[in-house]
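In: Predicted model follows, preceded by the sequence.
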Amino acid sequence: MNYRIVTIPGDGIGPDIVHEGCRVLEAVGKKFGHSFSFSPVLAGGAALDATGEPLPQSSLDACCAADAVLLGAVGGPKWDTLPGAKRPEKALLGLRAGMKVYANLRPALMFRQLSAACPLKAEVVGSGLDILIVRELTGGIYFGDRGRSPDNSSAWDTEAYSVPEIARVVKIGFESAMKRKKRLCVVDKANILETSRLWREVTESMKGDYPEVALSYMYVDNAAMQLVRNPAQFDVIATSNMFGDILSDEASQITGSIGMLASASLGDSGPGLYEPIHGSAPDIAGKDLANPLATILTCAMLLRYSFGLEAEAKAIEGAVEKVLDAGWRTGDIAGSAADRAALGDKLVGTKKMGDLVVSAI
Ligand code: NAD
């Protein structure tokens, strides 16, 4: 079977890490007898430079017609002074809305080989860290009405949610919990926000369908604290767009490396949008220093969620484990200066790390 994947290399380290992701998918295809075709399109700063638009309509059309979309990262200092509508990041919001992907799944998983990179004490993390954050992606304050008074003396952003918008995300939260440790925590600010109270009402109306799931609620300020105090208490967290944006970055830092974490954005039907959680890392772009493993693990999510290829996804994850077990590291996961010096030729760049995963597959 041929799977059509549209790639958006984007800016900064994006093209390099997407290249390694595609090589790994090709290796999996060879091993399991699938063929993947890759069609690159422009978005972000690269698209602004070429067309004047952060997300050309032709790019969005290609993404919507694909079987799945793999995105590197967009943005960089070159475009930072442009007005909001012309910023590269506008492409991300446009892609999510245009592809109708409303739930962002972000695993915060600590690899045992990298536990030394976790900024929390070993006794706090316990036996490991494996949290799935399900973030609402196309509603709430990032998409609500916003504006300024004519004299610029005030500004507003509006948080609004409908019952169906909440229900479809909470459903993914419950269903993900059923496949994991059967614990779902809905994070909100229901002591203050009316939208949060609606999230709770909708969740309450659905919980009867999932009697095996232990459901809890937590205010977002407390959740931010609990994530560093006792992260092991969490299994699945479901939350609104802005709270999820903030908490998933916090959770990712606890795992120790932003260069290791994948994400998937899913809708009801149509292609999923897959991207590493990190940005375009302009500080290391073009230097063969970027860790491609987040993108490679993102490719595993793509195979699992969009194509139902579980054994193939596991082959990628197993290959990454094998490479880490053998002691290979990119700079971001190399530890202290002393650890790094001790690594010798096991300290590798983007291309070599990609090669190692391909050989392990
Ligand atoms: P960033 O994630 O790009 O970088 C933060 C730090 O992490 C940097 O020191 C960087 O070198 C390091 N880092 C990130 N990914 C890495 C990798 N794979 N390997 C090794 N080190 C890695 O975040 P930022 O600096 O806040 O943003 C840079 C640009 O990226 C901005 O223009 C921002 O808007 C954009 N951005 C894009 C996305 C996206 O495309 N989804 C997400 C976040 C930020």
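Out: Thanks, I have the structure now. As the structure is a computational prediction, the values presented were derived from the model and not from experiment.

In: contacts and neighbour counts: CA atoms only from here.
Out: Will do.

In: Need the residues that contact the helix-or-strand element of the chain with minimal mean pLDDT.
Out: Ranked by mean pLDDT, DSSP states H and E, the weakest helix or strand in the chain is helix 122-125, scoring a mean of 84. Under the criterion C-alpha atoms under 8 Å, 6 or more residues apart in numbering, residues 229, 230, 231, 232 lie in contact with helix 122-125.

In: Which one of those is nearest to residue 54?
Out: Each of these was scored against residue 54 by C-alpha to C-alpha, and residue 231 proved nearest at 37.1 Å.

In: give me every residue that touches the closest one.
Out: Shown in contact with residue 231 (C-alpha under 8 Å, 6+ apart): 124, 125, 129.

In: one more time with 10 Å, if that's ok
Out: With contacts defined as C-alpha atoms under 10 Å, 6 or more residues apart in numbering, residue 231 is in contact with 120, 124-126, 128-131, 223-225, 251, 254.

In: ditto for residue 273
Out: 6-7, 63-64, 67-71, 95-96, 99-101, 104, 263-267, 298, 302, 306.

In: can we see that at 8 Å?
Out: 68, 69, 70, 71, 96, 101, 264, 265, 266.

In: of those, closest to residue 110?
Out: Using C-alpha to C-alpha as the measure, the one of the contacts of residue 273 that approaches residue 110 most closely is residue 264, at 17.7 Å.

In: quick one: that closest one is in a strand?
Out: Yes: assessed by DSSP: H, G, I helix; E, B strand; the rest coil, residue 264 belongs to a strand.

In: I'd like to know how many residues surround the nearest residue to it once chain neighbours are set aside.
Out: Beyond its immediate neighbours in the sequence, the residue positioned closest to residue 264 (C-alpha to C-alpha, 6 or more residues apart in numbering) is residue 274, lying 4.6 Å away. Number of residues near residue 274 (other C-alpha atoms under 10 Å) recorded here: 28.

In: Grab the nearest non-local neighbour of the spatially most central residue of the chain.
Out: Averaging the C-alpha coordinates of the chain gives a centre point, and the residue nearest to it by C-alpha atoms, centre = their mean is residue 263 (2.6 Å). Beyond its immediate neighbours in the sequence, the residue positioned closest to residue 263 (C-alpha to C-alpha, 6+ apart) is residue 106, lying 4.8 Å away.

In: what sits against residue 343?
Out: For residue 343, the contact set (C-alpha under 8 Å, 6+ apart) comprises 327, 334.

In: and it, what are its phi and psi?
Out: phi -70, psi -30 (degrees, to the nearest 10).

In: Go through the contacts of helix 122-125 and say which is closest to the ligand.
Out: Relative to the ligand, the closest of the contacts of helix 122-125 is residue 231; by C-alpha to the nearest ligand atom it sits at 21.9 Å.

In: roughly how far apart are that closest one and residue 254?
Out: With the distance defined as C-alpha to C-alpha, to the nearest Å, residue 231 ends up 9 Å from residue 254.

In: in the sheet, who's paired with the residue nearest to the centre of the chain?
Out: Counting by DSSP bridges, residue 263 forms beta bridges with residue 275.

In: hey, where'd the helices end up in the protein?
Out: Counting by DSSP state H, residue ranges of the helices within the chain are 14-32, 45-51, 57-65, 90-98, 122-125, 163-179, 194-206, 220-229, 241-255, 293-307, 310-325, 337-343, 350-360.

In: which one of those helices lies closest to residue 213?
Out: Nearest of the helices of the chain to residue 213, taken as C-alpha to C-alpha: helix 163-179 at 6.6 Å.

In: tally of neighbours for residue 281?
Out: A count of neighbours around residue 281, defined by other C-alpha under 10 Å, yields 17.

In: For the remainder of this discussion, apply numbering that starts at 56.
Out: New numbering, starting at 56: the last item is residue 336.

In: that older thread, what's the offset of the least confident helix or strand of the chain from the middle of its chain?
Out: Relative to the mean C-alpha coordinate of its chain, helix 177-180 is positioned 25 Å out (C-alpha atoms, centre = their mean, to the nearest Å).

In: Can you give me the buried ones in that helix?
Out: Along helix 177-180, these residues count as buried under the neighbour rule (16 or more other C-alpha atoms under 10 Å): residue 180.

In: contacting residues around the spatially closest residue to residue 252 that is not a sequence neighbour?
Out: Distance criterion C-alpha to C-alpha, 6+ apart; nearest residue to residue 252, sequence neighbours excluded, is residue 245 at 5.0 Å. Counting by C-alpha under 8 Å, 6+ apart, residue 245 makes contact with 251, 252, 255, 274.

In: And the third one, how close does it get to residue 68?
Out: When you say that, I think you mean residue 255. Separation of residue 255 from residue 68 (C-alpha to C-alpha): 40 Å.

In: How about residue 364?
Out: Distance, residue 364 to residue 68, by C-alpha to C-alpha: 27 Å.

In: quick one: which of the two has more around it?
Out: When residue 364 and residue 68 are compared on other C-alpha under 10 Å, the one with more neighbours turns out to be residue 68, at 27 against 15.

In: residues near the residue lying closest to the more buried one once chain neighbours are set aside, how many?
Out: Distances taken as C-alpha to C-alpha, 6+ apart place residue 340 nearest to residue 68, at 4.7 Å, with adjacent residues excluded. The criterion is other C-alpha under 10 Å. On that basis, residue 340 has 17 neighbouring residues.

In: Looks like residue 340 contacts residue 70 (just checking).
Out: No: contact status for residue 340 versus residue 70: not in contact, 9.5 Å apart, counting by C-alpha atoms under 8 Å.

In: What are the structural domain limits within this protein?
Out: What automatic domain parsing lists as the domains of the chain is 56-164+315-416, 174-309.
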